[in-house]
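1. Here's my sequence, what's the structure:
(chains A and B)
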Number of protein chains: 2
Amino acid sequence: MAVYTDVSAEDLTVFLRDYDLGPLLSFKGIAEGVENSNFLIETGGGRYILTLYEKRVNEAELPFFLGLMGHLADRGINCPLPVKAHDGQALRKLAGRPAAIVTFLEGVSFRRPTVAHCAALGETLAGLHEASKGFALGRENALSVSGWRPLAEKAGARADEVASGLATAISRELDDLETHWPRTLPTGIIHADLFPNNTLFTGDQLSGVIDFYFAATDAYAYDLAICLNAWCFEADFSFNLTKGRALIAAYRAKRPLNRAEIDALPILCRGAALRFLLTRLVDWLNVPPGALVRPLDPMEYWKRLRLHQQVVAPSAYGLID
Amino acid sequence: MAVYTDVSAEDLTVFLRDYDLGPLLSFKGIAEGVENSNFLIETGGGRYILTLYEKRVNEAELPFFLGLMGHLADRGINCPLPVKAHDGQALRKLAGRPAAIVTFLEGVSFRRPTVAHCAALGETLAGLHEASKGFALGRENALSVSGWRPLAEKAGARADEVASGLATAISRELDDLETHWPRTLPTGIIHADLFPNNTLFTGDQLSGVIDFYFAATDAYAYDLAICLNAWCFEADFSFNLTKGRALIAAYRAKRPLNRAEIDALPILCRGAALRFLLTRLVDWLNVPPGALVRPLDPMEYWKRLRLHQQVVAPSAYGLID
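-> Numbers count the residues shown, from 1 in each chain, chains lettered A, B, ... in the order given. Predicted structure coming up:
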């Protein structure tokens, strides 16, 4: 949530000469994304988001992310469309950083999505999975099952600083997930981080999906499991069955789930909860002294995980066979 | 340069019901201002800036600042116009903070203003001084001459951590300024912080003056001296006479300077340089450990001050009698 690299109006004016966007009318650094510097710019051609990719981003992966957004936008998904400069490239350099301009999407992110929002999300998620087919590039999901043990080891025994017994509980869950993780489900490009703050709504209409920087090749149903975790729990960590049902039904209406995907849903939900528990845990244990940004609470996902561990059938999520 | 208070779309939607601005279409936290949280919001009615005033702001002074902006905007100055809610008030509450919505102004802030920009600034500054006449409220300038010694004492001997001999040099300058500071110049409401980053331009046209949170009652010519410091020095701290001349000439064309104001210009420039030297020095010596924002270098104003100390006549600034 910060602007890390400052850009002057002078430099931006020169940068824009390589685009067909007209003159610069205004620009503001915006508090969006945790990894990159983002600016809302307005030119004679309209509104755009300018992103400068900061050091934590692997530059070699940017063509995948930008290419994917372009592929999806071309197929009618409401996602930012990378804008090409005169040289045909969307990925350029500004202030010594890799930089790209994408189209601005209207809408606001709701913190407490309603049932209608969950239904809109389900439809959009399935549409995104369908539209991603045919995209030429792939990207291994470093934050899928094989990436969790290294994260758990990074936290190590210090997990118990967050909650007593957490280290052992994680280790046990990991053993179980590694053994039983489904590895033959239908696979393609997934968003992998489709939280409410990465969607935009105008009223009940989902007007935008943003932040594709975790997108990777993985099981489609795992993306659905991530959304069930991120969208269908209430503030008290109870699971809202009505929201789950709306999300899953809207998804299936657009992309049917096969038997294996349905049966895998409980373990996929456990995996998704563990993935966010682990990344949050590592961030939590590694807050630099004096940091202004408080990391997200890993226990919010521990509470979700414990609920998933009790689930005996996919119907617990509102899935009607 | 940060958003300190987070606002949810849900809360903002409710907040906007008290205004005639139409539905919320988008909003982004923006990196503007160092003291408050700012959001660029778009509603059915257009674009606005929402400001949440953080703890360092004295709430009792907000009616002065908002009233002044309204007074100036009504008189044709391109400054943000506070928007009144249904109850007739522009100052309201959101997320537990005093909050106000003002109109959005187009334009960009240049870091290296040109001669044309300096001329536009001079005209706008004089217009602002003329337009502020008749504003019913006043505000003592806590950062004018009487406020400098307490700041110098706050830095104390630690000033020498920044540059050897600085503490003594400041103390001597302060003695001299306190003795010779002009106290009978024409006085009214001044902006008092009209740096390039507080102005917006579309091309060479000055399209906006923003950030009135240092505005106070003080000598008009002191405001001009602040601008000469902030706009007319080059990156190597040389004074650009052409810019100075353009700024002063454009100012005088709209608001004539009297003899006393002209003669006082060198000492006013020294005072303005000392004022920013001192506030930057105190900030520099009080950076919280681990802070993400690097404070502004006080020595940039020490270098300006030393130049002003050599000035023997107002003509050094491009003022033609």
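2. what about the stretch 151-300 of chain A, any weak spots by pLDDT?
-> For the stretch 151-300 of chain A, residues meeting the criterion pLDDT under 70 lie at A:289-293.
3. Kindly recompute the last result at 90.
-> A:203, A:286-296 (pLDDT under 90).
4. Give me every residue in the stretch 51-200 of chain A lying close to chain B.
-> A:106, A:107, A:108, A:109, A:110, A:111, A:112, A:200 (Cβ under 8 Å from any Cβ of the partner chain). For every residue, glycine as well, the C-beta is placed using N, CA and C.
5. Grab the nearest non-local neighbour of the second one.
-> Nearest-residue entry for residue A:107: residue A:200, 2.9 Å, with adjacent residues in sequence omitted and distances by Cβ to Cβ, 6 or more residues apart in numbering or on different chains.
6. tell me what the helix or strand where the one you found lies is packed against?
-> Using DSSP states H and E, residue A:200 sits in strand A:199-202. Here strand A:199-202 is seen to pack against helix A:115-132, strand A:205-209 when contacts are counted using 3 or more Cβ pairs under 8 Å, 6 or more residues apart in numbering or on different chains; DSSP states H and E.
7. Give me the residue at the spatial middle of chain A.
-> For chain A, the residue nearest the mean C-alpha position is residue A:193 (1.8 Å; Cα atoms, centre = their mean).
8. isn't residue A:105 right up against residue A:198?
-> No - checked against Cβ atoms under 8 Å, the pair residue A:105 and residue A:198 is beyond contact range at 11.3 Å.
9. picking up where we left off before, which among the helices and strands packed on strand A:199-202 is found nearest to residue B:97?
-> Evaluated over those, closeness to residue B:97 peaks at helix A:115-132, with 27.2 Å, by Cβ to Cβ.
10. which parts of the closest one are buried?
-> A:115, A:117-129, A:131-132 (16 or more other Cβ atoms under 10 Å in any protein chain shown).
11. can you check stretch A:241-253 too?
-> Quick answer for stretch A:241-253 (16+ other Cβ under 10 Å): A:243, A:244, A:245, A:246, A:247, A:248, A:249, A:250, A:251, A:252.
12. Residues that sit against both of residue A:105 and residue A:198, list them.
-> Among the neighbours of residue A:105, those also in contact with residue A:198 (Cβ atoms under 8 Å, 6 or more residues apart in numbering or on different chains) are residue A:210.
13. What residues are recorded as beta-bridge partners of the residue nearest to residue A:107?
-> residue A:208 (DSSP bridges).
14. returning to that earlier point: quick one: contacts for the nearest residue to the residue nearest to the centre of chain A once chain neighbours are set aside?
-> Excluding the flanking residues, the one nearest residue A:193 by Cβ to Cβ, 6+ apart is residue A:214, at 3.9 Å. Residues in contact with residue A:214 (Cβ under 8 Å, 6+ apart) are A:143, A:191, A:192, A:193.
15. do the same with residue A:72
-> So residue A:72 contacts A:79, A:128, A:131, A:132, A:135 (Cβ under 8 Å, 6+ apart).
16. tell me the pLDDT at the residue in the stretch 51-200 of chain A positioned nearest to chain B?
-> Here the residue of the stretch 51-200 of chain A nearest chain B is residue A:108; by Cβ to the nearest Cβ that distance is 3.9 Å. pLDDT for residue A:108: 96.
17. could you measure residue A:251 against residue B:189, distance?
-> Going from residue A:251 to residue B:189 by Cβ to Cβ, to the nearest Å gives 60 Å.
18. still on that earlier bit, the residues of the stretch 51-200 of chain A next to chain B: which two are farthest apart?
-> Taking Cβ to Cβ as the measure, those have their most distant pair in A:106 and A:112, spaced 20.4 Å apart.
19. what's across from residue A:140 in the sheet?
-> Here residue A:140, judged by DSSP bridges, has bridge partners residue A:217.
20. Confirm for me that it is in contact with residue A:217.
-> Yes - at 6.5 Å, residue A:140 counts as touching residue A:217 under the criterion of Cβ under 8 Å.
21. Show me which of those two is the more surrounded one.
-> residue A:217 (18 against 11; other Cβ atoms under 10 Å in any protein chain shown).
22. any idea how far residue B:116 is from the nearest residue to the residue of the stretch 51-200 of chain A closest to chain B once chain neighbours are set aside?
-> Spatial nearest neighbour of residue A:108, chain neighbours left out: residue B:9 (3.9 Å); criterion: Cβ to Cβ, 6+ apart. Residue B:9 sits 41 Å away from residue B:116, going by Cβ to Cβ.
23. I figured the residue nearest to the centre of chain A hits residue A:209, correct?
-> No - using Cβ under 8 Å, residue A:193 is not in contact with residue A:209, being 10.4 Å away.
24. now the stretch 1-150 of chain A, which segments are flagged as low pLDDT?
-> A:1-6, A:31-36, A:54-57.
25. As a check, name the ranges of all helices in it.
-> For the stretch 1-150 of chain A, the helices defined by DSSP state H, counting those that start in this stretch occupy A:9-16, A:62-74, A:115-132, A:145-155.
26. Serialize these to JSON lines and add fields for distance to residue B:26.
-> Listed next are these as JSON lines, based on distance: least, Cβ to Cβ, whole Å:
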{"stretch": "helix A:9-16", "distance to residue B:26": "21"}
{"stretch": "helix A:62-74", "distance to residue B:26": "18"}
{"stretch": "helix A:115-132", "distance to residue B:26": "16"}
{"stretch": "helix A:145-155", "distance to residue B:26": "34"}
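27. Out of those helices, which is closest to residue A:320?
-> For residue A:320, the closest of the helices of the stretch 1-150 of chain A is helix A:115-132, at 13.4 Å, according to Cβ to Cβ.
28. Can you check what angle separates that closest one from helix A:62-74?
-> Taking axes from the mean of the first three to the mean of the last three Cα atoms, to 10 degrees, one finds helix A:115-132 and helix A:62-74 inclined to each other by 110 degrees.
29. From the chain's centroid, how far away is the strand holding residue A:200?
-> 14 Å (Cα atoms, centre = their mean, to the nearest Å).
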